[in-house]
Every structure is written in C-alpha cells, then in structure tokens.
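Undergrad: sequence and predicted model, in that order:
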2 protein chains.
Amino acid sequence: MAEKVILLDFFASMFGMRVRVALAAKGVEYEFREEDLPNKSQLLLQSNPIHKKIPVLIHNDKPVCESLIIVEYIDEVWNQKYPLLPSHPYQRAQARFWADYIDKKLYDAARKTWTKSGEELEAGKKEFVEILKQLESELGDKAFFGGESFGFLDVALVTYTAWFHTYEKCGGFSIGEHCPTLSAWVKRCLEIDFVSNSLIDPTKVYEFALKIRKVFGIDTS
Amino acid sequence: MAEKVILLDFFASMFGMRVRVALAAKGVEYEFREEDLPNKSQLLLQSNPIHKKIPVLIHNDKPVCESLIIVEYIDEVWNQKYPLLPSHPYQRAQARFWADYIDKKLYDAARKTWTKSGEELEAGKKEFVEILKQLESELGDKAFFGGESFGFLDVALVTYTAWFHTYEKCGGFSIGEHCPTLSAWVKRCLEIDFVSNSLIDPTKVYEFALKIRKVFGIDTS
C-alpha cells in the first residue's frame, strides 16, 4: 500500500518540530499542512476532537495525536531505519521519563522567558535554567541523550533549541553561559542533517515571538 | 539472575494500583513497601529525586518512576505473559493517547468530587462525568478498552474505580446512572482475579478519604 502521510502543524511549534525531526530521521515523505491556529481547519478539529491541537499525524487516513505519542508511533511503524527509542526496557523507561519531564516542566518555564517581565521573568529564567541543568546532568558525558546516537529524548528536547535565541533575546540572558554542556550537545545535534533541516530558523521564531508579544502588549522596548 | 522487585507505594493510590495490577497480570512476585507520605523514606527520595512521588518500581536496584511508564516497562520486561499494550502501532498510539488523557484530565476532576463543596463540587461532578462519558464512547461496544482482553488502557482507568464509591458518597451522585456502559465494563474488569485482587476495598478508600476531609476541614455532615 502506498503510504499517505499528512502532518497538521504550525511552523514554530516545538511539538510539531519533534514530529518533523522523527519523520526526517526515518526518511518518510509527507505532506506538511500549516494550520492557521486562530482558524483551525475542519480536518484538525475532526482529527483531534479532544485537544484540538497540532501536531496531528494522519497516516493512511488515521490520525495520531500528541507529539511524543506520534514520535513513538513513527519509531514503531518505520522501524527499519534509525531507531529512536533504545532497545533495552530500562533505557526506554528512562527516555520516556525525561521526555515526560520536559513536557511537564519545560514549556511553561520557557514561555515565561519571552512573555513575562519583572519578577515573573526573573523567576521564569531561574526555573528554566534549573530544568536545563537537570537535563544536563542526565546527559552527563554522553554525546547524546540516546548515548552514541541521537534518539527519542534528543528529539523531545532539540526542538526547543530553535527557540533558544528568542528566550535569550527576550529574557536578556545567555543559555550557553549557564549550560555549556547542553550547548555543546546542541551543536552536535545541529551537525546532523535531518535535525538541522527540520528545525525552523531561530530568527523566524524570534520574529514570530515579537509579533505575539506585540499582540499581547508585552513590553518590547 | 534472581529478580528483585520492590514497589514503593501507598495503598489508596490509583497510580500505585496500576503498577500492582500490571505486576499481577504478569504474575511477578514483589515486595510491597507502604510509604508514609508525610515522611517519605530515604529510598523513595533517592529513587525518584525529581518528583519525589510514589509509585516507584525498583527492579534489580534500578528505579522506574511514573505509573504509565512503569506499566509499559513491566509489559516490556515480562513480555511472555499477558501482553498489555496492543501489538499494532496504531492501536498502541490510541491506548497511549487515552491513558495520557486520563492523566491530564481525570485526576483533577475526580478530586473535586470529594474535596469540594457547593458550586465547585457541582462543576467538578459535571466535568468528571463528561470525562467518563468521553471514555465510554472510546470503549464503545468492546468488552475492554483493549478489545477482547483487558489491556494497557484498562489498567490506566480501572484503578480509579476503587475510588468510585468515595466519589459517589462524597459527591452525592451515581456514576452508574450517568455511565451505564462504563459500569458494565467495571463489572467485567472485577471478574478478572488479578484485577480484583489488586484493587483496594472501596470502603477502605472511603475511610481514608473521610480522614483527609477531616484534616482539611471539609464539611462531612
């Protein structure tokens, strides 16, 4: 059967980028459909009636939702090339644990670095750096979270790095200064073609963030 | 190697019960260690330094945290008996999606039915029933969420049913009246020995809930 793969997504989404990275790792061709988030398509609303959120992967007319679940799905369906989850159950559980940690903690903290000011901004930056440091200690002296090769947890985190420029410019701080080990990991990730080709240009993310800040009246002086 | 399996848990936890059900499905012998939650053991704090929460499964000295991740781990390690996740990637993704939905939505709504009063209670009950109805429509006319046999999503949800009596008594409503299809599913689940033997007696959960209500000064008249 010919594969029909459609991705409902939004260019700047770190969740959507996870799916793009995973599809690229596997060499899967797909149709990218950019959603207008204030006016979501009928297809998105029908495909993800529960959360009504991107990304949604529609594979042979069947929708799969929630970015980490989609990445696991991709890893299981296209299992002949570039395995993302480790093969050992304990390492799989660890990768899932830290990816879940990112979802539970990082997004909210990161958001504060570019949408808040004053004390809230300072608290957000502190929290954000603490989370990254925790992840840094999980990385340790490994090349990637997946060990020798880029894997599931790398996918879960690397898409945030397209936003690092925005966090730094809006928050007035340097991630590299606080987290040199993680910054070295970012460089290693970006040397992988399917990763760098799947991540949005950080200046485009920054332009988008500035527009959002303007809409919500956040000080951009 | 002899298996050494320890579960750090708390008797009334629906998250801990998930692990108990999964271990029982696989016939794994383990040591159950009840935690005193206001005075957590050093072992718990060392084994789950990030969230400091039960349940933690310690398998041959290696800790695995977060209940759904533990259940997947158990399913992968003891893979010869009673598979919990479906074998097809799409069905696996669906089971993970709905289990994640339960974690994101059900706990908070359920909690309101026995810790709130007045308008908050009414809103909590409405929300709780809506979530159950959503799950009921996912169940459809299948015997179990896993299809013909009890599976991963059944594990994720069935442990809440040990709390149904508490929700109904404290909230003053009948779950069976609102969700007859789900109630029939509960009965089918309880006919499975490893399920019914792993769930705490609902009257013990209720006694525990009443104590908590007293501590927090919630009206128990």
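TA: Noted; the coordinates are in hand. Computed from a predicted model, the values in this text were never measured in an experiment.
Undergrad: going forward, measure contacts between C-alpha atoms and count neighbours the same way
TA: Fine.
Undergrad: let me know the pLDDT of residue A:79.
TA: According to the prediction, residue A:79 has pLDDT 96.
Undergrad: so what's the residue count around it?
TA: 12 (other Cα atoms under 10 Å in any protein chain shown).
Undergrad: what of residue A:131?
TA: The criterion is other Cα under 10 Å. On that basis, residue A:131 has 18 neighbouring residues.
Undergrad: again with residue A:107
TA: Applying other Cα under 10 Å, we find 14 other residues in the vicinity of residue A:107.
Undergrad: how far does the host helix or strand of it sit from its chain's centre?
TA: Using DSSP states H and E, the element containing residue A:107 is helix A:107-115. Using Cα atoms, centre = their mean, to the nearest Å, the mean C-alpha position of helix A:107-115 is found 14 Å from that of the whole chain.
Undergrad: swap in stretch A:31-39?
TA: From the chain centre to the centre of stretch A:31-39 is a distance of 17 Å (Cα atoms, centre = their mean).
Undergrad: show the subsequent helix or strand relative to the helix holding residue A:107.
TA: From helix A:107-115, the next helix or strand downstream (DSSP H and E) is helix A:118-139.
Undergrad: residue A:170: what's it in contact with?
TA: Neighbour list for residue A:170: A:113, A:114 [criterion: Cα atoms under 8 Å, 6 or more residues apart in numbering or on different chains].
Undergrad: from chain B, how far off is it?
TA: 28 Å (Cα to the nearest Cα, to the nearest Å).
Undergrad: residue A:83 now?
TA: 15 Å.
Undergrad: what about that residue, helix or strand, and which?
TA: Taking DSSP H and E as the definition, residue A:83 sits outside all helices and strands.
Undergrad: pretty sure it sits against residue A:150.
TA: No. Using Cα atoms under 8 Å, residue A:83 is not in contact with residue A:150, being 9.3 Å away.
Undergrad: which of those two has more residues huddled nearby?
TA: Each of residue A:83 and residue A:150 has its neighbours counted (other Cα under 10 Å); residue A:150 has more, 22 against 19.
Undergrad: so that one, which of the three states?
TA: What DSSP: H, G, I helix; E, B strand; the rest coil gives for residue A:150 is coil.
Undergrad: residues touching it, list them.
TA: Per Cα under 8 Å, 6+ apart, neighbours of residue A:150: A:84, A:144, A:189.
Undergrad: pLDDT at the first one, what is it?
TA: At residue A:84, the predicted lDDT confidence score is 98.
Undergrad: mind checking how far it is from residue B:206?
TA: 44 Å (Cα to Cα, to the nearest Å).
Undergrad: more crowded one of the two?
TA: Set residue A:84 next to residue B:206 and count neighbours by other Cα under 10 Å: residue A:84 wins out with 25 against 21.
Undergrad: may I have the phi/psi pair for the more buried one?
TA: Here is the backbone geometry of residue A:84 (degrees, to the nearest 10): phi -100, psi -50.
Undergrad: wait, it touches residue A:73, no?
TA: No. Distance between residue A:84 and residue A:73: 10.7 Å, which falls outside the contact criterion (Cα under 8 Å).
Undergrad: where do the strands sit along chain A?
TA: Here chain A has its strands, by DSSP state E, at A:5-9, A:31-34, A:56-59, A:62-65.
Undergrad: which strand residues bridge residue A:147?
TA: As for beta bridges, residue A:147 partners with residue A:144 under DSSP bridges.
Undergrad: now do the helices in chain A.
TA: A:14-26, A:42-47, A:67-77, A:89-101, A:107-115, A:118-139, A:152-158, A:164-171, A:175-178, A:180-190, A:193-196, A:202-215 (DSSP state H).
Undergrad: check whether the first one comes near chain B.
TA: In this case it means helix A:14-26. No. Applying Cα under 8 Å from any Cα of the partner chain, one finds helix A:14-26 separated from chain B by no less than 14.1 Å.
Undergrad: could you pull out the buried residues of that helix?
TA: Across helix A:14-26, burial judged by 16 or more other Cα atoms under 10 Å in any protein chain shown covers A:14-26.
Undergrad: domains in chain A, by residue range?
TA: Per automatic domain parsing, the structural domains of chain A span A:5-77, A:89-215.
Undergrad: out of those, which is closest to residue B:161?
TA: Judged by Cα to Cα, the one of the domains of chain A that comes nearest to residue B:161 is domain A:5-77, at 22.6 Å.
Undergrad: how far does that closest one sit from its chain's centre?
TA: The answer for domain A:5-77 is 13 Å, by Cα atoms, centre = their mean.
Undergrad: got it, and stretch A:177-187?
TA: 17 Å.
Undergrad: send the alpha carbons of it over as PDB?
TA: Taking C-alpha atoms only, stretch A:177-187 is exported to PDB below (Å, rounded to 0.1, in the frame of the first residue of the first chain):
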ATOM      1  CA  GLU A 177      26.800  30.700  30.000                       C
ATOM      2  CA  HIS A 178      24.700  28.700  32.400                       C
ATOM      3  CA  CYS A 179      24.700  25.400  30.500                       C
ATOM      4  CA  PRO A 180      27.900  24.800  28.500                       C
ATOM      5  CA  THR A 181      27.500  21.100  28.300                       C
ATOM      6  CA  LEU A 182      24.000  21.400  26.900                       C
ATOM      7  CA  SER A 183      25.200  24.000  24.400                       C
ATOM      8  CA  ALA A 184      27.800  21.600  23.200                       C
ATOM      9  CA  TRP A 185      25.100  19.000  22.700                       C
ATOM     10  CA  VAL A 186      23.000  21.500  20.700                       C
ATOM     11  CA  LYS A 187      26.000  21.900  18.300                       C
END
